[in-house]
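> Provided below are the primary sequence and the corresponding predicted coordinates.
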Amino acid sequence: MLLSTYRMRIRWHVPKIIFPSAFSQERLLHLKKHKEKWTWTMPQGHDTGIKVKNSYLSTRKLAPLIVKDPNYVTWYACGPTVYDHSHVGHGATYLQFDMIRRILTKYFGLNIAMVMGITNMDNKIINRALLYDKGFMEIADTYESTFMDDMKNLNILPPTSFLRVTDVIPHIVDFIQDIINKKQAYVTGNGNVYFDYNSAHQSIAKLMGEYFEPDISMKEKRFEKDVSLWKTARPGEPYWDAPWGKGRPGWHIECSVIASMCFGNNIDIHTGATDLRFPHHEYEVAQCDAYHRCQQWVNYFLHTGHVKVTGDVKMSKSLGNFVRIVDFLNDCQDPDILRLLCAHNKYTKNFKISDKLSEVEIFFASLTSLLKQCKDIGSGRIKAKVNTPRIEQAIQVFEKGIIKDFQDDFNISQAFTKLRKLMKQIETGFVVQDAPSDVVGVIKAIFVIENFLDNLGFTFHKRI
């Protein structure tokens, strides 16, 4: 499949000169306070022993992962906008977080409640419906269904709950009204509602460290970085009734409301791809800070890197350079290949499938062959002399080592490096010969490797 190359355009932003006379003294003091650097506060609770790359922190230093309650860890995951098929980039993000979720559960004993929001009303859905002369919800329902099928085919654990935007509109309206009442959002003459960036009760620049000066030249919006909370419906568009007029919610407010509905004024973990850091997650947090009047609505933001197509261009539906998950799975020798690709890459890093696909396929074949041989020896179909002490010692080193890797920001790729070493020790730990021998070491090797694969969501070993 040929993937197109796209040139990235860089647009330089030249800030406008703002004269103090444009604002009241009170407003200027508020802006000064708004610029003050916000500092992440380490939460109180259960120390998991894991250190993670928290996107709140600009340094490379990892932060201890502390959850409020190990028996009820709250996790909000941004879901898809369902206007087209999911692609491999989406699949990689959900696979990486699926493995992290399984690690937290299987190796560190946490019980996780995960909620995912589904954006089933959006400009892209409306445009697709108009293009194909179909109903808006027909488009959304169709691609939500294909997304669910893709997640199932990738063996990704479903969240505790899916919530669709169209099912929570009354909650969104109430949420927006509360922010308006707190004077952190405003209604325009056209019935649009915007979040007032510069009235936020604390700095918005939590995830990206960006601050934007007001632009008094804007017409409807007070400031170019004020984001839409409610969009007035245009002719032919779907709408819901609200105190400000007929319309529909903006994108960022949807996740703010869904997550708040389920978890209230504080969440342990929030996840998504790195392109969601700004503006989506930045404004999502700001809106919830305003609504809940809290200082730290989310304790930990974890973000994945992108699947790159060529150079620095990410795989994207909007760029049209994507490979559908269903097509990738049809072309692969096993559905677990994509999970294995993700496991060989640090979740926070970008990667190109073409760079590691051959390596992963060779490893997959080697591991499959070893497991098959071990099962043949264990069942007596092949006679072999097994060096059980040597294999057991290698297993002990492996099991201790992967825990340390998982504690190091879920370093799954390093754990697979240790698996490769274990495989070599097992291969040299038996000799095929036509003589009776115990198979204790081989049976234990099968158990440990398959348990490791099970815990990370792999299934191919069950088909050997």
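Perfect, thanks for sending it.
> output the below-cut-off pLDDT ranges for the stretch 301-450 of the chain.
310-313, 317-321, 436 (pLDDT under 70).
> which residues in it form strands?
307-310, 313-314, 351-352, 384-386, 430-432 (DSSP state E, counting those that start in this stretch).
> please apply the same query to the stretch 151-300 of the chain.
Under DSSP E, counting those that start in this stretch, the stretch 151-300 of the chain gives strands at 161-164, 185-187, 193-195, 228-232, 247-249, 267-273, 298-304.
> and those: which comes nearest residue 391?
Nearest to residue 391, of all these, is strand 298-304, at 35.4 Å by Cβ to Cβ. Bear in mind the C-beta positions are built from the backbone N, C-alpha and C, glycine included.
> in stretch 393-400, which residues are buried?
For stretch 393-400, the neighbour count (16 or more other Cβ atoms under 10 Å) marks 394, 395, 398 as buried.
> contacts only, for residue 245.
191, 232 (Cβ atoms under 8 Å, 6 or more residues apart in numbering).
> and what of residue 132?
The contact partners of residue 132, by Cβ under 8 Å, 6+ apart, come to residue 139.
> how about the one 4 residues further on?
Residue 136 sits next to 121, 125, 126, 129, 238 when contact means Cβ under 8 Å, 6+ apart.
> in a markdown table: the residues you listed, plus neighbour count and pLDDT.
Putting the contacts of residue 136 into a markdown table (neighbours: other Cβ atoms under 10 Å; pLDDT from 0 to 100) gives the following:
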| residue | neighbour count | pLDDT |
| --- | --- | --- |
| 121 | 26 | 95 |
| 125 | 22 | 96 |
| 126 | 20 | 95 |
| 129 | 20 | 96 |
| 238 | 16 | 95 |
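> show me which pair in those residues is furthest apart.
Among these, 121 and 129 lie farthest apart (Cβ to Cβ), at 10.4 Å.
> sorry, back to before: same list (the strands of the stretch 151-300 of the chain) but as a markdown table, adding mean neighbour count and distance to residue 448.
Listed next are those as a markdown table, based on neighbours: other Cβ atoms under 10 Å; distance: least, Cβ to Cβ, whole Å:
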| stretch | mean neighbour count | distance to residue 448 |
| --- | --- | --- |
| strand 161-164 | 18 | 34 |
| strand 185-187 | 19 | 55 |
| strand 193-195 | 24 | 52 |
| strand 228-232 | 23 | 52 |
| strand 247-249 | 25 | 49 |
| strand 267-273 | 24 | 29 |
| strand 298-304 | 23 | 28 |
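> save those as a markdown table, and put in distance to residue 370 too.
What follows is those, written out as a markdown table (distance: least, Cβ to Cβ, whole Å):
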| stretch | distance to residue 370 |
| --- | --- |
| strand 161-164 | 39 |
| strand 185-187 | 60 |
| strand 193-195 | 56 |
| strand 228-232 | 55 |
| strand 247-249 | 52 |
| strand 267-273 | 34 |
| strand 298-304 | 30 |
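> which residues are in contact with the nearest residue in space to residue 173 that is not next to it in sequence?
Of all residues beyond its chain neighbours, the one nearest residue 173 is residue 242 (4.9 Å), with distances taken as Cβ to Cβ, 6 or more residues apart in numbering. Taking Cβ under 8 Å, 6+ apart as the criterion, residue 242 is in contact with 173, 176, 230.
> next one: residue 179
With Cβ under 8 Å, 6+ apart, residue 179 has these contacts: 185, 195, 229, 287, 290, 291.
> so the last one sits against residue 180, correct?
Spelled out, it's residue 291. No. Residue 291 lies out of contact with residue 180 (Cβ atoms under 8 Å); the separation is 10.8 Å.
> of the two, give the one with the bigger neighbour count.
Per other Cβ atoms under 10 Å, whichever of residue 291 and residue 180 has more neighbours is residue 291, with 22 against 19.
> how close does that one sit to residue 175?
6 Å (Cβ to Cβ, to the nearest Å).
> show me the common contact partners of the two, please.
256, 260.
> quick revisit: can I get the contacts of residue 242 in CSV with distance to residue 53 and pLDDT?
Output for those, formatted as CSV (distance: Cβ to Cβ, whole Å; pLDDT from 0 to 100):
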residue, distance to residue 53, pLDDT
173, 36, 98
176, 33, 98
230, 35, 96
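> quick check, nearest of those to residue 410?
residue 176 (36.1 Å).
> what's the pLDDT at the closest residue to residue 41 other than its chain neighbours?
Among residues not flanking residue 41 along the chain, residue 296 sits closest, at 5.7 Å (Cβ to Cβ, 6+ apart). Confidence at residue 296, expressed as pLDDT, is 94.
> and the closest residue to residue 237 other than its chain neighbours, what element?
Residue nearest to residue 237 in three dimensions, not counting chain neighbours: residue 126, with 5.9 Å by Cβ to Cβ, 6+ apart. Residue 126 belongs to helix 123-132 when assigned by DSSP states H and E.
> now do that helix and strand 228-232, the angle between them.
With axes from the mean of the first three to the mean of the last three Cα atoms, to 10 degrees as the basis, helix 123-132 and strand 228-232 are set at 30 degrees to each other.
> and the residue nearest the centre of the chain, how far is that from residue 303?
Centrality entry for the chain: nearest residue to the mean C-alpha point is residue 272, 2.9 Å, by Cα atoms, centre = their mean. Between residue 272 and residue 303 the distance is 6 Å, computed by Cβ to Cβ.
> same check, this time on residue 146
25 Å.
> per-domain residue ranges of this protein.
The record's domain split for the chain, according to automatic domain parsing, is 25-331, 357-463.
> ok, now which ones touch residue 144?
Here residue 144 is in contact with 80, 82, 118, 120, 164 (criterion: Cβ under 8 Å, 6+ apart).
> surely the fourth one meets residue 137?
Yes. Contact criterion Cβ under 8 Å: residue 120 and residue 137 qualify, at 7.4 Å.
> what do the two both touch?
residue 166.
> neighbours around the nearest residue to residue 294 once chain neighbours are set aside, how many?
The shortest distance from residue 294 to any non-neighbouring residue, by Cβ to Cβ, 6+ apart, is to residue 265 (5.0 Å). Each residue near residue 265 was counted by other Cβ under 10 Å, and the total is 13.
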